[in-house]
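# here you go, sequence then predicted model.
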Amino acid sequence: MWFAPQRISVEGSVIMGWFEQVVEWVRSSIGITFVPKLGLIDLLDILFVAFLVYQILVWFRMTRAWTLFKGVVFLLIIAMATSMLQMSMSSWLLQNTMVYGVLAVVIIFQPEIRRALEKLGHGGLFSILASEENGGQVTRETVSEIATAMEQMAAVKTGALIVVEQEVKLGEYEETGIPVDAVVTSQLLINIFEHNTPLHDGAVLIRNNRITSATCYLPLSANMNISKAMGTRHRAALGLSEVSDAKIFVVSEETGSMSMAQGGKITRDIDREFIMSQFQYKDEKEKKSQVIRNKLRQYTRKGGKTDA
């Protein structure tokens with residue numbers, strides 16, 4: 001085994017030489033002469049930074065900070081455009097705003113940054129970077145189960161608060177509840193919200209056709225114009241709808257009426273048909289895409305001729 005280090009050194013030199021030859025060939029082929037020489041370490045450095053930036057963006061995508069982050073990026077693009085177009089007043093205003101922008105970003109994103117650092121201390125880097133499937137895609141069966149559960153709970157005046165996650169991720173609210181990770185069924189939802197059961201308080205969070213968490217705490221709306229007839233569940237539903245794009249369904253424990261909150265507005269006295277009409281169904285979108293692909297395939301096989 002005495003020759004192992006020498007062998008590794010030789011193989012490393014061969015790889016470095018091969019990589020430098022490839023870089024030189026690409027530079028000469030493109031005709032670019034001002035690009036600095038890149039070594040294997042430089043490439044690894046670039047890949048690491050790209051990976052780190054990508055994972056940070058993925059983490060932002062999983063939080064409410066994503067919407068604010070897009071706003072910050074938009075302001076940066078506007079600042080660059082005004083500078084390039086030599087718009088003196090606009091450029092001066094934006095540049096002076098950006099001086100305090102870093103501090104503002106830290107203050108605005110403080111809760112998300114704190115949670116990320118806490119998770120980093122508990123479980124390492126990749127525990128905070130695990131990505132989820134895109135939200136906002138549910139099947140008709142899932143929504144049907146939600147509607148059935150709401151109808152049955154409304155009939156016996158069992159209070160319920162059901163959150164269906166969309167594009168804005170609700171991980172911070174999911175963490176306040178108890179993990180469930182179960183398929184959405186009307187029987188399970190009814191059992192969760194049954195009186196005097198351990199999970200009946202708080203909200204149920206649904207993501208990607210699964211119940212991810214129960215007994216979740218939601219932010220209460222500070223809107224003073226809310227009707228006095230609406231209780232805490234309605235205020236919580238309205239509060240979450242003000243800070244996310246989620247669809248929140250409520251069953252009133254006092255009246256048995258069903259409501260839905262979204263976009264800072266609440267619609268009362270809804271029915272099953274209304275609930276079913278509020279979603280773009282994942283399975284139907286896939287079927288539509290498959291039909292389009294089949295038509296394109298037939299069109300290609302017939303040499304660009306379609307059936308009349």
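Nice, thanks for sending it over. Quantities reported herein were computed from a predicted structural model and do not represent experimental measurements.
# report the contact partners of Trp92.
Not one residue lies near Trp92 by Cβ atoms under 8 Å, 6 or more residues apart in numbering. (C-beta placed from N, C-alpha, C; glycine too.)
# let me see the backbone angles for it.
Its backbone dihedrals place Trp92 at phi -60, psi -40, with angles given as degrees, to the nearest 10.
# what's the answer for Val180, then?
Recorded main-chain torsions at Val180 are phi -120, psi -60, according to degrees, to the nearest 10.
# can you tell me, leaving aside adjacent residues, what's nearest to it?
In space, not counting the residues next to it along the chain, Val180 is nearest to Ile211; the distance is 4.8 Å by Cβ to Cβ, 6 or more residues apart in numbering.
# what does Pro179 give?
The shortest distance from Pro179 to any residue that is not its chain neighbour, by Cβ to Cβ, 6+ apart, is 5.7 Å, and that residue is Ser213.
# show me what contacts the one you found?
Contacts for Ser213 were tallied using Cβ under 8 Å, 6+ apart; they are 174-175, 177-180, 204-205.
# tell me the SS of it?
Secondary structure for Ser213, judged by DSSP: H, G, I helix; E, B strand; the rest coil, is strand.
# quick check: bridge partners of it?
When assigned by DSSP bridges, Ser213 has beta-bridge partners Pro179, Leu205.
# on that earlier part again, is it possible to export the contacts of Ser213 to CSV including distance to Asp271 and pLDDT?
Conversion of those to CSV gives the following (distance: Cβ to Cβ, whole Å; pLDDT from 0 to 100):
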residue, distance to Asp271, pLDDT
Glu174, 29, 89
Glu175, 33, 87
Gly177, 28, 92
Ile178, 30, 93
Pro179, 32, 92
Val180, 27, 92
Val204, 20, 95
Leu205, 24, 95
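# from Gln278, how far out is Thr82?
Distance of Thr82 to Gln278, computed by Cβ to Cβ, to the nearest Å: 41 Å.
# between the two, who's got more neighbours?
More neighbours sit around Thr82 than around the other of Thr82 and Gln278, counting by other Cβ atoms under 10 Å; the figures are 18 against 14.
# the more buried one is in what secondary structure piece?
Assessed by DSSP states H and E, Thr82 sits inside helix 65-84.
# same thing with Asp181?
Element membership for Asp181 (DSSP H and E) is strand 178-183.
# show me what contacts Ser91?
Residues near Ser91 by Cβ under 8 Å, 6+ apart: 79, 82-83.
# so how far is Lys157 from it?
Using Cβ to Cβ, Ser91 is found at 61 Å from Lys157.
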